[in-house]
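# Below are the sequence and a predicted model; questions follow.
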Amino acid sequence: MPPEAVQYQCRNRIGWSLIDYPPVNVLAAPVRAGLARALEAALADESVRAVVIACSGKTFSAGADIGEFDGPMTEPTLQAVFASIEASNKPIVAAVQGVALGGGVELALACHYRVATADAKLGFPEITLGLIPGAGGTQRLPRVIGAAAALDMIVSGAPVDAGTALSLGLVDAVVDGDLMQGSQHFCDQLIEQGAKPRPTAARVVEVAGFDEAGIAAVLSKHSRALKGRMTQQLVVEALTAATQSDFDIGLAIERRIADHSITTLESKALRHLFFAERQVSKVPGVVADSSKAPITQVAIIGAGTMGSGIATACADAGMAVTLIDSHPEGIERGLALIGSNYESSVARGRLSHEEAARRRGRIVDSLDLGAAAGSDVVIEAVFEDLALKQAILSKVAAFTPASTLLASNTSTLSIAELSRPCRDPQRVVGLHFFSPAHVMKLLEIVRAPNTDLAALGRALTLAKQLKKIGVVAGDAFGFIGNKMMLDGYWREAELLMLEAATPEQVDSAMESIGFAMGPARVSDLGGTDVGTKTRIELFKRESRPDPYFVIADALTAMNRLGQKTRKGFYRYQPGARQALPDDEVIELIRKLAAARGIAQRSIETTEIVERCLLQLINVGAEVLEAGVAMRAADIDVVWVHGYGFPRHLGGPMFYADSLGLKHVLGRVEHYAARIKNRKDYWRPAPLLEKLARQGKSFADRDSEGS
């Protein structure tokens, strides 16, 4: 028989209730029932003078069981269990070790006292799922730490450490050494002092700072992370109830708001991504297990911006790194960039000087390609030139064993073509890092038709060790993300500009729905020449009808490369990053439109947003049908983590489902009929047509595995 989810025993006047529900002690039905039984036993035992609730493993509790969110909770509910704990006539102490999240903190708050280990962390991450704490958190937390501090803690979504928790009053003591011994000592003191239960519900809410100005200040502090979001307003509403109502009324208000939050599109989108991010690494026939053969030695060829960023990411993950470049000045620039990365981390308090030095010390440099021998993984990160990349990979393949994973950091080039001259081409994959490579979490892993499953598994292992989200993509122009960007989103943005929407209008429209930066600003940040070089390589193999990035390519020809030349779609003052409108660009666009017979007109923000998103969705459907992406959810993960698609909208394919594919198809057909001179751009993807006619969604297709 499986062990009890909650183990109970009486020892030294203490009723010990130990939650043992691996891997992270979620408060699922067996745990709730076990806690109820343990409490009943402790209250019935006259020898028990106090009760301790603790958890096994490294996590106190990761909170509620997210699998129960979309249906009724099995009895007993969290609310009922917490109410019983709080009503106990014997003091109950929460003993917190590791991480306590969401419902785990709510459990601790329902207890009368709280102790924690020095390394413990406590937090409410519900807002990251579009939810509010729904088991008393918005009512008990402000009674313990004050309403203003509670608002800050809940809307941040980030845990606080034990020291901070102690200063806030969230915990009563920090235990050095063994938690159980420390808990025993704490309980002994309570018993000797004759301490009574201390129900959180009976405490008075401190409201200082929880006024209109204070609330606005907290929300402003977190505005960047909450851009376009609404859940923070629900948090304010629930906390306000704690300041204005008695406890039971506040709980009822919280319950109503929490139930509503689960039904919002924002929460559904965020929960979709939560599961999608955990699903992407599941590839048929592939096992990614870093415990079997961890990657310890990596060679990176090319010490430019991407190469130095990848080197930093690998060093941060504890790997020994060899950074190779053919030119001494290239090595010098690369090492300077790496040093700058670490200096920045130290300046921001993310690393100590000592830790930064340790990580920097893992990187050695070489001018000799042969220094890549003996590496577990070799990544070439030179600029996007097919012939150059082929030559490098072919040379490395000749002196490395078949077990060495060879990878190209390419954003668009064919992996099949890149691997063709190589010995053992089946071990070559694409590793499309996103800039800055040591910061961005996404890693597109590109497989060619002949890529070995073991090589793919090795690439997924690397992503896991780098703490990145590895998404497997098929071998096609632009893979998943850049294909949709170049043939969909950014292309449509340029076409809107040709119709007289200014770069600033387009950027502002997309930023208004939650994109961190609009397409023109992103292009200026990365450099217009980067896209132009990509299209030069594309046109060697494929064609695109005019107009296709005629504005960006004209800017490149004028040496308006973006921020690095202080002119691109915008102009920039020396040393500043503020994008300033430029009449010269408007005139250039007017001439390019006139040469193509494109009439210019006033365009509303709603049309800009709709057209850009429709093209993104339509090309996404093509990518999905072609098998370049295995799942619609994979596309969503790529676009949220790699391209800044608003997380609260769930990704482009989830967003399409939320609109309804019949509606999406109707709007695509609307623009196909209206924009007749560019009808080829608005031809509905066959998969979109098929699913819409069948009344299905992209999520349905994912679940059916077709």
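Good, I have the coordinates. Numbering: from 1, shown residues only.
# tally of neighbours for residue 506?
Number of residues near residue 506 (other CB atoms under 10 Å) recorded here: 27. All C-beta spots, glycine's among them, are computed from the backbone N, C-alpha and C.
# Look up how far residue 653 lies from it.
Note on residue 506: its distance to residue 653, by CB to CB, to the nearest Å, is 22 Å.
# Next, the contact list for residue 410, please.
Counting by CB atoms under 8 Å, 6 or more residues apart in numbering, residue 410 touches 384, 389, 418, 430, 432, 446.
# so the closest residue to residue 379 other than its chain neighbours bridges to which residues?
Distances taken as CB to CB, 6 or more residues apart in numbering put residue 407 closest to residue 379, at 4.6 Å, once the chain neighbours are dropped. Beta-bridge pairing for residue 407 (DSSP bridges): residue 379, residue 429.
# ok, residue 407 touching residue 430?
Yes. Assessed by CB atoms under 8 Å, residue 407 is found in contact with residue 430 at 6.8 Å.
# Looking at the two now, which is surrounded by more residues?
residue 407 (29 against 26).
# contacting residues for that one?
Residues in contact with residue 407 (CB under 8 Å, 6+ apart) are 377-380, 428-431, 459.
# now with 6 Å?
By CB atoms under 6 Å, 6 or more residues apart in numbering, the residues touching residue 407 are 379, 429, 431.
# Domain ranges for the protein, per the record?
6-263, 297-474, 481-704 (automatic domain parsing).
# in the helix or strand of the chain with the lowest mean pLDDT, what's buried?
Confidence across the helices and strands of the chain bottoms out at helix 528-539, with a mean of 88, counting by mean pLDDT, DSSP states H and E. Within helix 528-539, the residues that qualify as buried are 528-535, 537-538, counting by 16 or more other CB atoms under 10 Å.
# now swap in stretch 366-376 and tell me
For stretch 366-376, burial by neighbour count (16+ other CB under 10 Å) applies to 369, 371-372, 375-376.
# Can I get that stretch in PDB, CA atoms only?
Output in PDB follows, covering the C-alpha atoms of stretch 366-376 (Å, rounded to 0.1, in the frame of the first residue of the first chain):
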ATOM      1  CA  SER A 366      41.900  29.800 -28.300                       C
ATOM      2  CA  LEU A 367      42.700  30.800 -31.900                       C
ATOM      3  CA  ASP A 368      43.000  27.100 -32.800                       C
ATOM      4  CA  LEU A 369      39.900  25.300 -34.100                       C
ATOM      5  CA  GLY A 370      41.500  22.100 -32.800                       C
ATOM      6  CA  ALA A 371      40.900  23.300 -29.200                       C
ATOM      7  CA  ALA A 372      37.300  22.000 -29.700                       C
ATOM      8  CA  ALA A 373      38.500  18.400 -29.600                       C
ATOM      9  CA  GLY A 374      37.400  16.600 -26.400                       C
ATOM     10  CA  SER A 375      34.300  18.800 -25.900                       C
ATOM     11  CA  ASP A 376      31.000  17.200 -25.300                       C
END
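# pLDDT weak spots in the chain?
1-2, 69-71, 288-292, 677-679, 706 (pLDDT under 70).
# what about 50?
The chain contains residues with pLDDT under 50 at 1, 290-291.
# List the buried residues in stretch 104-122.
104-117, 120-122.
# That should have said stretch 81-97, apologies.
Buried residues in stretch 81-97, counted by 16+ other CB under 10 Å: 81-86, 88, 90-97.
# Stretch 501-513 now?
Going by neighbour count (16+ other CB under 10 Å), the buried part of stretch 501-513 is 501-507, 509-511, 513.
# Which pair in the residues you listed has the greatest spatial separation?
Greatest spatial distance among the buried residues of stretch 501-513 (CB to CB): 502 and 513, at 17.9 Å.
# Can you name every helix or strand that the helix or strand residue 250 falls within contacts?
In this structure, residue 250 sits in helix 247-263 according to DSSP states H and E. Here helix 247-263 touches helix 137-145, helix 231-244, going by 3 or more CB pairs under 6 Å, 6 or more residues apart in numbering; DSSP states H and E.
# Take the helix or strand that it is followed by, keep the C-alpha atoms, and write them as CSV.
Sequence order places helix 265-279 as the next helix or strand after helix 247-263, per DSSP H and E. Output of helix 265-279 as CSV, limited to C-alpha atoms (Å, rounded to 0.1, in the frame of the first residue of the first chain):
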residue,chain,number,x,y,z
LEU,A,265,-9.1,34.6,-20.2
GLU,A,266,-5.9,35.9,-18.6
SER,A,267,-5.8,33.0,-16.1
LYS,A,268,-6.7,30.4,-18.8
ALA,A,269,-3.9,31.8,-21.0
LEU,A,270,-1.3,31.8,-18.2
ARG,A,271,-2.2,28.3,-17.0
HIS,A,272,-2.0,27.1,-20.7
LEU,A,273,1.5,28.4,-20.8
PHE,A,274,2.4,26.8,-17.4
PHE,A,275,1.5,23.4,-18.8
ALA,A,276,2.9,24.1,-22.3
GLU,A,277,6.3,25.0,-20.9
ARG,A,278,6.5,21.6,-19.2
GLN,A,279,5.3,19.8,-22.3
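# Off-centre distance for helix 265-279?
Put simply, helix 265-279 sits 10 Å off its chain's centre (CA atoms, centre = their mean, to the nearest Å).
# What about residue 543, how many residues nearby?
Counted with other CB under 10 Å, the neighbours of residue 543 add up to 8.
# How about residue 577?
A total of 10 residues lie near residue 577 under the criterion other CB under 10 Å.
# On the three-state scheme, it is what?
At residue 577 the chain is in coil, as set by DSSP: H, G, I helix; E, B strand; the rest coil.
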